[in-house]
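Q: Structure, please.
(one chain, ligands or ions: 4)
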Amino acid sequence: MGKPQLVLIGNGMAGVHAIEHLLKLAPSKYDITVFGAEPHPNYNRILLSYVLSGDSKVADIELNTYGWYEENGIKLYAGHTVTSVDTTSKTVTSDKGVTVPYDKLIIATGSNPFMLPLPGADKDGVMAYRTIQDCEKMIEASKKYKKAVVIGGGLLGLEAARGFLNLGMKVDVVHITDTIMERQLDRTASKMLQEALEAQGMNFLLEKHSAEILGGKRVTGLKFKDGAVAEADLLVMAVGIRPNVAVAKQIGCETNPGIVVNDYLETSIPGVYAVGECAMHRGVAYGLVAPLYEQAAVLAKRLAGAATGPYEGSVVYTKLKVSGVDVFSGGNFSEGEGTKTIRIHDEWSGIYKKVVIKEGKIVGAVLYGDTSDGTRLMQMIRSGTDISGLEKTAILRDSAAAGTSAGAGVAELPDEAIICGCNGVSKGAICSAIKEQGLASVEEVKNCTNASRSCGGCKPLVGELLAFTLGDSFQGGAVKETVCGCTDLSRDEVVAAIREKGLSHVREVMHVLGWKSEEGCSKCRPAINYYLGMLNPGTYKDDRASRFVNERLHANIQKDGTYSVVPRMYGGVTTPEDLKKIADVAVKYNVPTVKLTGGQRIDLLGVKKEDLVPMWADLDMPSGYAYGKALRTVKTCVGETYCRFGTGDAMGMGIAMEKRFERLNTPAKVKMAVSGCPRNCAESGIKDLGVVSVDGGWELYAGGNGGVKVRVGDLLATVATEAEVIEYTEAYLQYYRETGKYGERTSEWVNRLGLAHIQDVVKDPGRRAALCSRMDEALAVTKDPWKEAIADASIRRNLYDVVEVKS
Ligand SMILES: Cc1cc2nc3c(=O)[nH]c(=O)nc-3n(C[C@H](O)[C@H](O)[C@H](O)COP(=O)(O)OP(=O)(O)OC[C@H]3O[C@@H](n4cnc5c(N)ncnc54)[C@H](O)[C@@H]3O)c2cc1C
Ligand SMILES: NC(=O)c1ccc[n+]([C@@H]2O[C@H](COP(=O)([O-])OP(=O)(O)OC[C@H]3O[C@@H](n4cnc5c(N)ncnc54)[C@H](O)[C@@H]3O)[C@@H](O)[C@H]2O)c1
Ligand code: SF4
Ligand code: FES
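A: Ligands and ions are numbered 1, 2, ... in the order given. Sure, this is the predicted structure:
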């Protein structure tokens with residue numbers, strides 16, 4: 001007797017994944033035949049978005065070559081659509097007349113894109129986006145036509161629209177509700193995403209109900225129910241998918257609307273299984289690969305006769321594959337009765353994080369701008385971690401600190417944490433493979449474990465795991481940390497190119513260095529602006545438009561849309577006259593809250609935008625830069641002037657330091673402190689640079705941080721005089737300015753470069769002198785921004801809506 005015949009209908013991602021698994025478990029148990037309607041071997045549908053945007057070629061997205069089928073004895077009928085199945089004679093027949101017997105049958109026919117039944121939907125140029133053929137048609141059309149309309153602002157529609165922009169077309173995205181990706185994002189994240197995509201050139205037509213597709217033979221436009229018309233010579237519908245159940249219905253399988261399966265992927269007909277998007281499990285039909293691969297693994301074990309637990313459903317997460325935006329959505333993010341929410345909204349950095357908690361467990365999360373918490377949160381959602389005893393900071397990490405130092409984020413994850421969601425590969429599995437198989441690159445990890453084989457979103461994490469597991473021996477060449485998704489270049493490459501090519505404007509950098517998105521994004525534009533200013537302090541004209549709102553307006557925007565004003569108070573020391581001025585101003589402008597800050601300053605909160613410049617004029621004090629990536633404060637204790645323990649003049653030293661470095665732009669905010677003795681009352685140990693008076697001199701501590709990720713500063717140097725404190729600080733800060741990544745705090749920078757290296761640099765007299773001289777150049781051109789606004793009518797008009805300043 002021959003082997004049992006196994007037939008797979010649908011040569012797509014889920015069905016073939018099940019076969020791959022089965023071959024590992026029981027390589028010679030079945031004679032396998034695969035029918036696939038598309039004329040290709042199995043390919044990675046997910047990566048079509050990268051083919052459309054020009055980042056990949058069709059040939060690059062093949063998952064299994066024709067050779068793979070042959071090597072494994074699989075008979076493949078590519079380009080054959082199965083049109084009938086006879087459950088009595090147990091045969092499958094294709095549209096090309098091939099009939100094959102089966103003992104076991106897997107239906108993995110995926111989904112059909114839903115096409116809105118609009119008048120005119122049959123015109124040329126109206127299409128779906130699902131296959132290689134669709135992708136090739138769209139690329140071809142872009143050579144002739146210039147205006148596309150995408151109906152549907154979901155994951156698929158937005159990835160299609162980004163592709164059209166890359167192909168040089170204009171694109172309108174038509175969406176039925178007033179927020180895009182409403183199935184994955186809440187209103188705040190959706191609006192942030194919309195703004196970022198608009199900046200990339202997408203045009204959104206929201207709350208639009210399509211009524212009719214206009215044109216002759218070919219589409220020329222889309223008419224809406226309100227009578228408006230959007231011009232279009234290519235129209236893509238991306239309004240969701242429907243399980244493809246044609247074959248299943250023909251043989252009488254129960255459908256609702258997908259093919260109903262039990263926990264072992266068995267349909268209502270014995271010997272017939274369904275897997276993938278066509279299957280309906282416990283009332284859910286999934287549209288993402290991760291759950292489909294989980295189903296495929298259970299089915300493979302079932303067919304191999306291996307022990308397996310049931311498939312019990314999946315908690316899914318999604319990431320949008322559009323360069324320049326970082327979006328993550330996992331679990332159930334909607335708030336309702338019995339839910340509690342942690343929400344962080346940092347408008348300055350364009351970061352939004354929301355975590356929804358129910359009965360002490362995280363049930364869903366939405367992350368925008370910084371998705372580095374995603375893997376950890378998904379791990380907590382999946383494992384149902386009880387978070388009742390956890391601090392908020394253990395749930396959501398500091399954005400600036402997250403994911404920057406190699407291995408830092410992954411080190412804390414448990415072994416069972418899923419690193420590659422698409423392929424269900426855990427941290428433990430990857431680390432063991434790295435150690436046991438001697439893997440040294442992401443590509444090798446991919447080939448060995450499947451991690452990063454699908455959407456590629458986990459590549460940075462796999463890279464971190466390599467660094468974490470191999471330590472110093474990891475070369476890191478395989479994963480480069482790029483400035484952002486708009487470019488494949490790293491920070492160092494961008495800085496080197498600015499130097500070598502003599503680039504002088506943000507747009508010029510993006511243009512010359514081949515940015516993928518013409519407008520850049522909220523990550524790269526401020527970074528380029530900083531690098532240009534750092535490299536050419538004398539000549540560079542700051543690009544205000546590339547700064548976040550707080551730095552543009554020189555005041556911190558608050559959650560109610562008002563601003564806060566913090567005047568400079570050198571060393572935290574003030575005078576009765578200044579206090580009087582502050583009090584008068586607070587009364588005059590009805591400031592609702594006056595608050596002392598942790599940095600020994602006075603914060604006037606709740607100021608209206610139009611009152612900012614007049615208030616600064618009345619104060620006649622320098623800006624305290626409480627909003628900037630710059631020196632914020634130098635905190636001091638009273639020191640020897642008043643304290644009986646003091647050995648150094650902490651106030652004098654702090655004031656001198658603050659006067660020297662005020663207004664200095666740095667990669668991230670810088671806080672300093674000076675204490676008059678090792679009792680450290682000014683908390684010098686947790687500052688970017690902390691100074692402590694000791695017998696015979698001063699100790700300088702580097703890389704301290706008192707924020708979310710507390711780090712105690714390392715002793716950088718001990719010096720004898722106040723002049724040396726300034727000199728060493730100059731060298732240290734200038735080296736940080738020149739080598740730090742934009743947004744990287746000194747705590748991360750010291751970890752990345754290593755204390756010993758930084759000590760070598762600042763202790764070397766020649767290098768120190770050179771750094772100090774470049775610091776002189778940088779400081780020579782700084783101006784007080786509040787005074788500039790008071791003096792310059794165009795700044796007042798353009799930024800603050802104020803024409804005159806009357807005191
Ligand atoms: C552009 C795009 C981007 C995506 N990005 C992501 C992403 O980033 N992350 C993610 O998780 N998911 C993503 N998805 C979804 C993901 O690709 C699907 O969930 C997955 O491919 C579904 O796998 P499947 O095997 O069920 O169906 P499919 O991959 O569609 O395979 C079904 C196959 O069956 C064939 N077939 C159908 N009927 C017959 C028949 N009668 N006879 C023979 N063959 C037949 C079809 O031609 C098809 O090739 C994306 C989808 C698209 C279109
Ligand atoms: N990055 C990813 O994970 C990714 C990328 C692409 C596709 N996919 C998957 O592919 C499948 C298809 O994606 P999709 O975006 O088409 O499906 P979807 O169901 O996720 O989104 C469709 C969107 O179209 C909107 N819509 C519905 N009717 C409309 C109408 N008449 N006019 C305007 N808008 C309308 C809906 O409000 C919805 O937001 C999904 O399963 C998706 O998960 C995933
Ligand atoms: S640090 Fe020393 S000098 Fe400064 S206040 Fe404290 S005890 Fe006094
Ligand atoms: S998460 Fe998609 S390939 Fe790993």
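
Q: show me what contacts the residue in the stretch 201-350 of the chain that ligand 2 sits nearest to?
A: Nearest residue of the stretch 201-350 of the chain to ligand 2, counting by CB to the nearest ligand atom: Gly287, 2.1 Å away. Heads up, the C-betas are built off the backbone N, CA and C, glycines and all. Residues in contact with Gly287 (CB atoms under 8 Å, 6 or more residues apart in numbering) are Ser111, Ile241, Glu277.

Q: any idea how far the spatially most central residue of the chain lies from Ala108?
A: Nearest to the mean C-alpha position of the chain, counting by CA atoms, centre = their mean, stands Asp326 at 2.8 Å. The gap separating Asp326 from Ala108 is 32 Å, by CB to CB, to the nearest Å.

Q: does the residue of the stretch 201-350 of the chain closest to ligand 2 count as helix, strand or coil?
A: Under DSSP: H, G, I helix; E, B strand; the rest coil, the three-state class of Gly287 is coil.

Q: right, and Thr371 touches Ser329 too?
A: No: using CB atoms under 8 Å, Thr371 is not in contact with Ser329, being 9.6 Å away.

Q: isn't Leu605 right up against Asn590?
A: No: if you go by CB under 8 Å, Leu605 and Asn590 don't touch, sitting 11.8 Å apart.

Q: Looking only at neighbour counts, state which of these two leads.
A: Leu605 (18 against 10; other CB atoms under 10 Å).

Q: Pull up the residues of the stretch 451-600 of the chain that are close to ligand 2.
A: Within the stretch 451-600 of the chain, no position is near ligand 2 by CB under 6 Å from any ligand atom.

Q: Where does pLDDT dip in the stretch 451-600 of the chain?
A: 471-480 (pLDDT under 70).

Q: And the helices in it?
A: In the stretch 451-600 of the chain, the helices defined using DSSP state H, counting those that start in this stretch lie at 459-470, 491-501, 506-512, 524-535, 549-553, 576-588.

Q: Reformat these as CSV; add mean neighbour count.
A: Converted to CSV, those look like this (neighbours: other CB atoms under 10 Å):
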stretch, mean neighbour count
helix 459-470, 23
helix 491-501, 16
helix 506-512, 18
helix 524-535, 23
helix 549-553, 18
helix 576-588, 14
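
Q: Go through those and name the closest to Tyr625.
A: Nearest to Tyr625 among the helices of the stretch 451-600 of the chain is helix 549-553; the distance by CB to CB comes to 9.3 Å.

Q: by contact count, what packs against that closest one?
A: Helix 549-553 sits against strand 556-557, with contacts defined as 3 or more CB pairs under 8 Å, 6 or more residues apart in numbering; DSSP states H and E.

Q: Who are the packing partners of the strand it packs on?
A: Short answer (3+ CB pairs under 8 Å, 6+ apart): strand 556-557 packs on helix 549-553, strand 563-565.

Q: so which strand or helix has the residue lying closest to the residue nearest to the centre of the chain once chain neighbours are set aside?
A: Spatially, and ignoring its direct neighbours in sequence, Asp326 is nearest to Thr371 (4.6 Å; CB to CB, 6 or more residues apart in numbering). Thr371 belongs to no helix or strand when elements are defined using DSSP states H and E.

Q: repeat for Glu777
A: Applying DSSP H and E, one finds Glu777 within helix 765-780.

Q: got a winner among the contacts of Gly287 for most neighbours?
A: Neighbour-wise, these (other CB under 10 Å) top out at Glu277, 27 neighbours.

Q: Can you tell me the closest non-neighbouring residue to it?
A: Leaving aside its sequence neighbours, Glu277 sits nearest to Ser111 (CB to CB, 6+ apart; 4.3 Å).

Q: give me the beta-bridge partners of that neighbour?
A: Under the criterion DSSP bridges, Ser111 forms beta bridges with Pro243.

Q: Now do stretch 269-276, average pLDDT.
A: For stretch 269-276, the mean pLDDT works out to 98.

Q: List the buried residues for it?
A: Ile269, Val272, Tyr273, Ala274, Val275, Gly276 (16 or more other CB atoms under 10 Å).

Q: Looking at these, which one is closest to ligand 1?
A: The nearest member of those to ligand 1, counting by CB to the nearest ligand atom, is Gly276 at 2.5 Å.

Q: What is the neighbour count of the closest residue to Asp263 other than its chain neighbours?
A: Counting by CB to CB, 6+ apart, Asp263 lies nearest to Pro310, which is 3.3 Å off, once chain neighbours are set aside. Using other CB under 10 Å, the number of residues around Pro310 comes to 11.

Q: In three-state terms, label Pro310 for me.
A: coil.

Q: Just to check, it is in contact with Val298?
A: Yes: with contact defined as CB under 8 Å, Pro310 counts as touching Val298 (7.1 Å).

Q: what do the two both touch?
A: Common neighbours of Pro310 and Val298, using CB under 8 Å, 6+ apart, are Asp263, Tyr264.

Q: contacting residues for the nearest residue to Leu105 once chain neighbours are set aside?
A: Spatial nearest neighbour of Leu105, excluding adjacent residues (CB to CB, 6+ apart): Val272 at 4.8 Å. With contact taken as CB under 8 Å, 6+ apart, Val272 is in contact with Thr87, Lys104, Leu105, Ile106, Ile107, Ile251, Cys253, Glu266.

Q: just Lys501 next, same as before
A: Counted by CB under 8 Å, 6+ apart, Lys501 has contacts Val512.

Q: quick one: it and Arg491, what's the gap?
A: Going from Lys501 to Arg491 by CB to CB gives 16 Å.

Q: And the protein, split by domain according to the record?
A: The record's domain split for the chain, according to the TED database, is 5-110+244-304, 114-242, 482-547, 627-783.

Q: Among the contacts of Val272, which one is most surrounded by other residues?
A: Highest neighbour count within these, by other CB under 10 Å: Ile107, with 31 neighbours.
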